[in-house]
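Engineer: Below: sequence and its predicted model.
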Amino acid sequence: MREVIVAPMAGGPSTVALVAGAARAGALGFLAAGYKTPDAVAAELRQVDAIPHGLNIFVPMPAPADPAPLAAYRLSLRGEADRYGVDLPPLRTEDDDHFAAKVELAARFRVPVVSFTFGVPDPGIVERLHDAGSTVLITVTSAAEARAALAVEPDGLIAQAGAAGGHASTTDPAGYAGTSTALEALAAVRAVTEGLPVIAAGGVGTAGDVHGLLEAGAAAVQCGTAFLLADEAGTRPAQRAAMLSGEFTETVVTRAFTGQPARGLRNRFIDEHDAAAPIGYPAVHHLTAPIRAAAAAKGDPGALNLWAGTGFRHARPGPVADLIARLSA
């Protein structure tokens, strides 16, 4: 397995060009199926068919038992909607992100590596992908989640640390603290995997970080934030500017944007809404989507989900091949 993996980054940063650039540099890059229509995913898979690549798929989360906290949060966002001149959508508590169709696409296109986030797919899905020749990885954040994932016989696990940028793959958002380092998460997951390959992820920004994780037993190291500024990434201009500005000095874990714990650069929206944000992905994601889109259009980072891990200060612009070389030096 290649030692550096370009992580899936849903919402724009992961692109065909990023995956292709990673492949030319000898690394595995992931497409992100999250938020895309099946047709859009199929179009991307056709473009990478001849090169090494992976595809990440979101496992659907159960609808919240009580929608009242979501309704209250929606009311609290009215000021943001007015500020950006948008309408808040009605509550949308159920959305499986075309899960079955995306799994079928992965099997039909015989995607070399398929990873899952937000939970454990059914055993039949893993078997279907194995029959198609895919290597199946499941993202976990704890030993308990690793044990649950092992039950469906994946080919490996991704040990996602609390230091990672973007959404935590935790299945226990209420109890998630997001404080673990990549070394800690790797050790906890490896302790229960009985020799299964474990990929380390979270807060990785330097070649020293990569080498330290490989020496600690990681089969490979998955990096996302390190590639947000890559020339080939589809990262929003407002986020690129924010990361390079020096004005954002810390990352925090928040549910304010999506209802699922996620790490990003601390900004105005987090400061004003995090305390009231309920658990409820993807309902909260849909609620804040118009606000975030309007903020992006205005180049206003104050209401953007500026996903980034704790190693964000090490991110640099440039071709993805150069960034991979820096991490592999």
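Structural biologist: That came through, no problem. Numbering: from 1, shown residues only.
Engineer: mind listing what's buried in the top helix by length along the chain?
Structural biologist: Of all the segments of type helix in the chain, defined by DSSP state H, the longest one is helix 283-298. Buried residues in helix 283-298, defined by neighbour count with 16 or more other Cβ atoms under 10 Å: 283-292, 294-296. Glycine gets a C-beta too; all of them are placed from N, C-alpha and C.
Engineer: Please apply the same query to stretch 98-115.
Structural biologist: Burial within stretch 98-115, assessed by neighbour count using 16+ other Cβ under 10 Å, is assigned to 98-99, 101-103, 105-107, 109, 111-115.
Engineer: Please save the CA atoms from it in CSV.
Structural biologist: Output for stretch 98-115, consisting of C-alpha atoms alone and laid out as CSV, is shown next (Å, rounded to 0.1, in the frame of the first residue of the first chain):
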residue,chain,number,x,y,z
HIS,A,98,-28.1,7.8,-2.6
PHE,A,99,-26.2,5.2,-0.6
ALA,A,100,-27.4,2.1,-2.4
ALA,A,101,-26.8,3.6,-5.8
LYS,A,102,-23.3,4.7,-4.9
VAL,A,103,-22.4,1.2,-3.6
GLU,A,104,-23.7,-0.2,-6.9
LEU,A,105,-21.6,2.2,-8.9
ALA,A,106,-18.5,1.2,-6.9
ALA,A,107,-19.2,-2.4,-7.7
ARG,A,108,-20.0,-1.8,-11.3
PHE,A,109,-16.9,0.3,-11.9
ARG,A,110,-14.8,-2.2,-9.9
VAL,A,111,-13.3,0.7,-7.9
PRO,A,112,-9.9,-0.5,-6.6
VAL,A,113,-10.4,0.8,-3.0
VAL,A,114,-13.7,1.7,-1.4
SER,A,115,-13.8,3.4,2.0
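Engineer: Now tell me what touches that stretch from outside.
Structural biologist: By Cβ atoms under 8 Å, 6 or more residues apart in numbering, the list of residues contacting stretch 98-115 from outside reads 8, 28, 30, 33, 37-38, 41-42, 45-46, 49, 52-60, 121, 125, 128-129, 131-139, 158.
Engineer: now swap in stretch 10-23 and tell me
Structural biologist: Contacts with stretch 10-23, where a contact means Cβ under 8 Å, 6+ apart, come from 6, 8, 28-35, 44, 47-48, 51-53, 56, 58, 166, 224, 227-228, 230, 232-236, 305, 307, 319-321, 324.
Engineer: change it to 6 Å
Structural biologist: Contacts to stretch 10-23, defined as Cβ atoms under 6 Å, 6 or more residues apart in numbering, come from residues 6, 8, 29, 31-32, 34-35, 44, 47-48, 51-53, 228, 232-235, 320-321.
Engineer: element containing the most far-flung residue of the chain relative to its centre?
Structural biologist: Ranked by distance from the centre of the chain (Cα atoms, centre = their mean), the top residue is D82, with 29.5 Å. D82 belongs to helix 78-84 when elements are defined using DSSP states H and E.
Engineer: Can you name the two of the buried residues of stretch 98-115 that sit furthest apart?
Structural biologist: H98 and P112 (21.1 Å; Cβ to Cβ).
Engineer: quick one, helices of the stretch 151-300 of the chain?
Structural biologist: Listed in chain order, the helices found in the stretch 151-300 of the chain under DSSP state H, counting those that start in this stretch are 182-190, 207-215, 237-245, 268-273, 283-298.
Engineer: P69 is nearest to which of these?
Structural biologist: In terms of Cβ to Cβ, the element of the helices of the stretch 151-300 of the chain nearest to P69 is helix 283-298, at 9.8 Å.
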